[in-house]
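A.B. asks: sequence and predicted structure are below.
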Amino acid sequence: MNKRGISGIVVTVLLVLLAIGALIILWFVILSFINSSTDQISKGINLINLDIVDGSASINEKLIQLKISRNKNEGNLTGFRIIFYDSGGNSDHIDFDESIKELETLNYNLNIPDEFEIVDPNKISIIPIISKNNKKV
């Protein structure tokens, strides 16, 4: 083999190693960005958990009665959204600007508004409304 052939192989091997090193560095940069983003999401949203107490929800004509309980995690709970579903998969919601304290369980009697799109709700779910930097999220 001549010197020119060996130097071409060395240059090719060095370029391949450089490309692999750049990919590894890029991978770690992307991975740290993804990890920090998911940490922020889990810290902001998953801290507060609201539940409808089993067996407490009843729907009678335009009145819904239920008990809502909050877990012990801290957070800026500024209200909650109750989502109603009908048998066709349609949904509508009502927002409440009322806070529930940690480990508190409250009874609610809710009048369904006349302009409500769900005529015959058969499923109810609840989600917390939290604030961050004075904005609801």
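C.D. replies: Nice, thanks for sending it over.

A.B. asks: in stretch 81-92, what counts as buried?
C.D. replies: 82, 84-85, 92 (16 or more other Cβ atoms under 10 Å). Glycine gets a C-beta too; all of them are placed from N, C-alpha and C.

A.B. asks: what's the most distant pair in these?
C.D. replies: Farthest pair in those (Cβ to Cβ) is Ile82 and Tyr85. Separation: 10.9 Å.

A.B. asks: and which of the buried residues of stretch 81-92 is nearest Leu26?
C.D. replies: Distance from Leu26 was checked for each of those by Cβ to Cβ. The minimum falls on Tyr85, at 44.0 Å.

A.B. asks: can you check the pLDDT for the closest one?
C.D. replies: The model reports Tyr85 with a pLDDT of 87.

A.B. asks: quickly list what it is bridged to.
C.D. replies: For Tyr85, the beta-bridge assignment (DSSP bridges) gives partners Ser91, Lys123.

A.B. asks: so who does it touch?
C.D. replies: Tyr85 makes contact with 91, 118, 121-125 under the criterion Cβ atoms under 8 Å, 6 or more residues apart in numbering.

A.B. asks: and if we set it to 10 Å?
C.D. replies: The contact partners of Tyr85, by Cβ atoms under 10 Å, 6 or more residues apart in numbering, come to 91-93, 118, 121-125.

A.B. asks: from these, which has minimum pLDDT?
C.D. replies: Sorting the contacts of Tyr85 by confidence puts Ile118 at the bottom, with a pLDDT of 73.
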